[in-house]
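1. Prediction below, plus the sequence it came from.
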Amino acid sequence: MSAWSPAFVPTLVRRERASLAATLLAPVIALVIAIALNLGLYILMGRDPVAVIYAMLFEPFLSWASFSEVLLKAGPLLLIAQGLAIGFRAKVFNIGAEGQFILGAIFASAIPVWFPQATGQWIWPAMLLLGAIGGALWASLTAFWRVRLNANEILVSLMLSLVAAQLLNYLLLGPWKDPNGFNFPQSVMFQYDAMVPTLIAGTRVNVSFLITLALSVAAWVFMQRSFIGYKLQVGGLAPRAAGYAGFKEGWAIWLSLLIGGFAAGLAGAAEVAGPLGQLQRSVASGYGYAAIIVAYLGGLHPIGIVISALVMAVIYIGGDNAMVSANLPIAAVRVFQGSLLLAYLIAVAFVRYRLEWRRAAHRSPS
Amino acid sequence: MNAIEFILAGMLAAATPFLLAALGELVAERAGVLNLGIEGLMAFGAVLAFIIVYQGGGHLLGFVAAGLGSAVLSLLFAFVTLGFRANQVAAGLAIGILGQGLSALFGKTYESLTVRGLPKLALPGLSELPVVGGLFVQDIVVWISLAATLALWAIFAYTKLGLIVRAVGENPKAAHAIGYSVISVRVLAIAFGGAMAGFAGAYASVVYTPLWADGMIAGRGWIAIALVVFGTWLTGRIFLGACLFGAVSLMGLAAQATGLDVPSQLLSSLPYLVTIIVLGIISADRRLLKLNGVASLGEPFER
C-alpha cells in the first residue's frame, strides 16, 4: 500500500504498543534532521559548511581540554533536566528552571558575599545546600500559586524567571556590587574555600559533576523503582485513575516543583562556586530553558537525559568554536536547540503511531 | 503633564502589542490549540518588520512581512501538533525558542539601530479634552487594533464562522461528525494567531520603541497568553486586560519621572509581578474559568 496516488493519504495509526526501536531512534533521527536543516541555514548565510561541521561536531572531542569543557557544560543541563523530567512525567510543566537556577546562584553567593573572609571546608558544601534550598523556595511560589490558587504553572514559573533576572540585576548593580570591581555588574571574587574542589586536574570540571551523576542515579531509582515515583507517573498518565486510587494531585505538584527547583538551584550554586567564581550576569545564560529540551530529547528518562545533556553540551561548545572559527553568530545555538526539539517531536510520533497510506475515500469514522 | 495624563495618553499604544498577540492567541485557543510560542513568534515578526523598515521598505510592508513570516513559522507549530499530534506545550516552547533564535540571528547586524516610528493621528474635538485628550491621539495601528478587537468580538458573538471555531475547540469530535474539518479550522486559527503575534512584534519594533535589540519583546508574548486567561476567553475582557498592562508598563516610567526612589529593576518587574498576582486572583475562581474555558484546549484531535 505504499504507492502514492492522489487517492491515498498518509494517516497516523496508533500502535498497539509503543515501539522500542522508534523510542531509541527518535532522538538520533531528530539530531540528523536538525543538523541537516541548520547546515542548510548556514550555507544560506554564506558560511563554509565543512568548517561549521568540523568546529561544532568534531572539535569538542579533539582535545581533552575542550572535552572537559563539554563535561563542565553538561553538568548543569543534566542536573536541571533530571529535576524537570520528573515533573514533566507527572504533567507538571515547570518551565521556570531558569529563575530557580538564578535563585540558587544568588542564595549560594550570599555566604561569600557576606563573609568574604570566612575559611573552612564547610563553605562550598553549605553554598550548594543553600543554593538548592533557594531554588526550591522559588519553585514553591509556583507550587503555591498552582495548588492553592489554581494558576497555570507554565505562566507563573516563566514570569518568576523574568522577575529572578531582574532581582539578579538589582543585586549586581546595587547592594552586592563589588566595590573594587570597576563598576562592573558583578560580586566580589569568591575566596578559595567557597569554590567547589576541582575533580580532574588541569580542567575546570569539579566535584559537582560527581554529585550530578549521583543524583542522576537517584533520579533513576526514584522514577523507575520507587512507589512515589510510580504514583507521580500514574498521576501524569491518567489523572482520573490516580484520583480514584487516592493519589493526590496537589501533592504531586508540590513534589514535582520542589524537586525541579532543588535541582535547578543546586546547579545554579555549582555554577557560581565553580566555573564563574563570583555572581555575575552571565549566570543567567539560558541553561534553564535549554534543559527543557534536554529533558524531552532524553525521552524524560534518567538515562536518556544523561546522553542528551552531553549532546546539548557538545552543541554549546561546538557553537562557541564555530563562532570563533566559522564566524557563526552565537544565536545559531538557540536556533539549533529549537529546531532539534521540533524535529524530535516529529520523530517521536512514530513511537506511538505507524504511518499508513490509506485510501482517501475510506477514512475510518471514529 | 501629570502622571495620570501621561499614562492615559500612552496606555493604548503600550497595550497594542499585548492586545494584538492576545487576540491571535484567543482565536487559536478557541479552536482548541494552546500555542505557547507567542514570545518567539513576536520576536520573529519584530525583526522582520525592523529589517524591512530599516532597508526603506516602509511600515506597511514591514507589517505585512512580519504577519506573513510569523504565520509561516506558526504553521510549523501546526505541522508538528496537528500533523504529528505532538504535545502542544513542548511544541510551543520549541517554536518560541526557534523564533527567538532566528530573530537574534537575523537581527545580529541591526542591533541597537533605530528607525522612524509612525505619526500620531488626533481625533478632532475629543483630543482637545482635558486629562483624557491624550487617549484620542494615537497612531494608525492603535486605531486598527481597536477595530480588530471589535470585529473579533462581533465574529464570535454573531457569525457562523465564530460558532464553527468555538465548536471545534469545544467538541472536536462533534464538529467533525457534522462535517467540519477540525484540522483545517485549527491550522487557520494557528496561522491567524501567528500573524497577529507577528503584527504585535512589528508594532513593538517599528512603532512603539522603533529600534531593534535582542530580547526586546521581554516577556510580552507570555503576558499575552496570560491575558487570554485573565480575559476568561472573552474579547472585551482581554482588551481591558491589555489596557491594564499598558498602564502598568508605563507606571515604571511615570514613577521614575516623578523622582520616586524605587530600584528600576523593581519597576521593570512590575508587569511580571502583576501578571502573577492577577493570574492567581482570576484562577482562584474556578467557576469563572470553567464558564468560558475551552473544553478540549491543548488536546490533540484523533478521528
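-> The structure has been received and is ready for your questions. Predicted model only: the values in this text are computed from it and were never measured.

2. Low-confidence ranges, the stretch 1-150 of chain B, go.
-> Counting by pLDDT under 70, the stretch 1-150 of chain B has low-confidence residues at B:1.

3. For the one helix or strand A:Ala332 maps to, give the mean pLDDT please.
-> Assigned by DSSP states H and E, A:Ala332 falls within helix A:331-347. The pLDDT scores in helix A:331-347 average 95.

4. near chain B at all, that helix?
-> Yes. Using CB under 8 Å from any CB of the partner chain, helix A:331-347 reaches chain B at A:331-339, A:341-342, A:345-346. For the C-beta atoms, the positions are set from N, CA and C on the backbone; glycine is no exception.

5. Quick check: what element follows that helix along the chain?
-> Next in sequence after helix A:331-347, counting helices and strands by DSSP H and E, comes helix A:349-352.

6. quick one: least confident helix or strand in chain A?
-> Lowest on mean pLDDT, DSSP states H and E among the helices and strands of chain A sits helix A:239-244, with a mean of 74.

7. anything in that one near chain B?
-> No. Using CB under 8 Å from any CB, helix A:239-244 never reaches chain B; the gap is at least 12.8 Å.

8. So which other helices or strands are in contact with the next helix-or-strand element following that helix?
-> On the C-terminal side of helix A:239-244, the closest following helix or strand by DSSP H and E is helix A:249-271. If you count contacts as 3 or more CB pairs under 8 Å, 6 or more residues apart in numbering or on different chains; DSSP states H and E, helix A:249-271 packs onto helix A:64-89, helix A:97-114, helix A:123-149, helix A:153-173, helix A:208-220, helix A:227-237, helix A:239-244, helix A:287-297.

9. How far does the second one sit from its chain's centre?
-> In other words, helix A:97-114. Taking the mean of its C-alpha atoms, helix A:97-114 sits 18 Å from the chain's own mean (CA atoms, centre = their mean, to the nearest Å).

10. Establish whether it and chain B are in contact.
-> No. On the criterion CB under 8 Å from any CB, helix A:97-114 is out of touch with chain B, staying 10.2 Å away.

11. now the angle from that helix to helix A:123-149?
-> Orientation note: helix A:97-114 sits at an angle of 140 degrees relative to helix A:123-149 (axes from the mean of the first three to the mean of the last three CA atoms, to 10 degrees).

12. Show me what helix A:97-114 is packed up against.
-> helix A:64-89, helix A:123-149, helix A:153-173, helix A:249-271, helix A:287-297.

13. Looking at these, which is nearest to B:Leu20?
-> Closest of those to B:Leu20 is helix A:153-173, at 18.7 Å (criterion: CB to CB).

14. nearest spatial neighbour of the residue nearest the centre of chain A, skipping sequence neighbours?
-> Nearest residue to the geometric centre of chain A (CA atoms, centre = their mean): A:Ala291, 1.1 Å. Spatial nearest neighbour of A:Ala291, excluding adjacent residues (CB to CB, 6 or more residues apart in numbering or on different chains): A:Ile80 at 3.7 Å.

15. for B:Gly298, same thing?
-> Leaving out its chain neighbours, B:Gly298 is closest to B:Leu34 (CB to CB, 6+ apart), at 4.3 Å.

16. Quickly find the element holding the one you found.
-> Assigned by DSSP H and E, B:Leu34 falls within no helix or strand.

17. Same check on the one 5 residues further on?
-> Counting by DSSP H and E, the element that carries B:Glu39 is helix B:38-54.

18. For the stretch 1-150 of chain B, list the residues in contact with chain A, please.
-> So the stretch 1-150 of chain B meets chain A at B:36, B:40, B:76, B:80, B:84-87, B:89-91, B:93-102, B:104-105, B:108 (CB under 8 Å from any CB).

19. ok so, going back, any idea how far the helix holding A:Ala332 is from the chain center?
-> How far helix A:331-347 lies from its chain's middle: 14 Å, per CA atoms, centre = their mean.

20. same deal with stretch B:258-265?
-> Counting by CA atoms, centre = their mean, stretch B:258-265 comes out at 28 Å from the chain centroid.
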